[in-house]
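Enquirer: structure for the following, please:
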Amino acid sequence: MEEEEDKFNGAYVIDTNIFRPLFNVIYEDVFPEIWESVDELIELNKFCSVAEVRKEYDNQLSHRPESVLWAKDHSHLFLLPSAEDVIMLRKIYEIPEFRMKPKDIKNKKSHADGFVVAKAHVLNGWAITDESPTSHDPAKIPNICRHFNVNCMCLHDFLRILKNKEYLNE
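Expert: Model prediction:
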């Protein structure tokens, strides 16, 4: 796993709610420059996600054949938790507000947020999400990131980076 962390150091760790607009709104034939940037990030090992996101992805995007094919072709980008991730996850879930709600556990709902933050922390990267920080649901990625000093970015800012190829200056 250490090799993986070196390989993806500084990567953008993508939440499920970023994949949805990529496949449902930002079509490759309409926005080719965005998808070219995604491909460049993949080549630079700066674009990844986590296995928990893959579970959510499969549930939420299985109706789009191109997203199913993309996930299959890029399965290596959905990383399993490393030992360091597990240590970070323990720290996250020690805080009651960041734990899954009992109804989500009962309904076997996947909850990738902690995994995204843990991976971004371990990789010294960025958690990319379209969630907003809220006080009524503190278990949101921006809130967890702020608590643990992990870089976090919204979809709009991420798309700006992709459009302007700002990742090439890093």
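Enquirer: quick one, what contacts residue 23?
Expert: Counting by CB atoms under 8 Å, 6 or more residues apart in numbering, residue 23 makes contact with 61, 64, 66-67, 70. For the C-beta atoms, the positions are set from N, CA and C on the backbone; glycine is no exception.
Enquirer: nearest residue to it other than its sequence neighbours?
Expert: The shortest distance from residue 23 to any residue other than its chain neighbours is 4.2 Å, reached at residue 67 (CB to CB, 6 or more residues apart in numbering).
Enquirer: was I right to think that neighbour contacts residue 19?
Expert: Yes - counting by CB atoms under 8 Å, residue 19 is a contact partner of residue 67 at 7.2 Å.
Enquirer: which residues are common contacts for these two?
Expert: 57, 61.
Enquirer: thought residue 42 was touching residue 70?
Expert: No - Residue 42 lies out of contact with residue 70 (CB under 8 Å); the separation is 10.7 Å.
Enquirer: tell me which of these two has more neighbours.
Expert: residue 70 (20 against 15; other CB atoms under 10 Å).
Enquirer: can you pull the contacts of the more buried one?
Expert: residue 23.
Enquirer: where in this protein is pLDDT low?
Expert: By pLDDT under 70, the low-scoring segments of the chain are 1-5, 101-110, 135, 170.
Enquirer: all helices of it, in order?
Expert: 2-7, 16-24, 32-43, 51-61, 65-73, 83-93, 102-106, 113-122, 141-148, 155-164 (DSSP state H).
Enquirer: return the most buried member of those.
Expert: helix 113-122 (a mean of 27; mean count of other CB atoms under 10 Å).
Enquirer: and that one, what does it pack against?
Expert: In terms of contacts (3 or more CB pairs under 8 Å, 6 or more residues apart in numbering; DSSP states H and E), helix 113-122 is packed against strand 12-14, strand 47-50, helix 51-61, helix 83-93, strand 126-128, helix 141-148.
Enquirer: go again using 7 Å as the cut-off
Expert: Applying 3 or more CB pairs under 7 Å, 6 or more residues apart in numbering; DSSP states H and E, we find helix 113-122 packed against strand 12-14, strand 47-50, helix 83-93, strand 126-128, helix 141-148.
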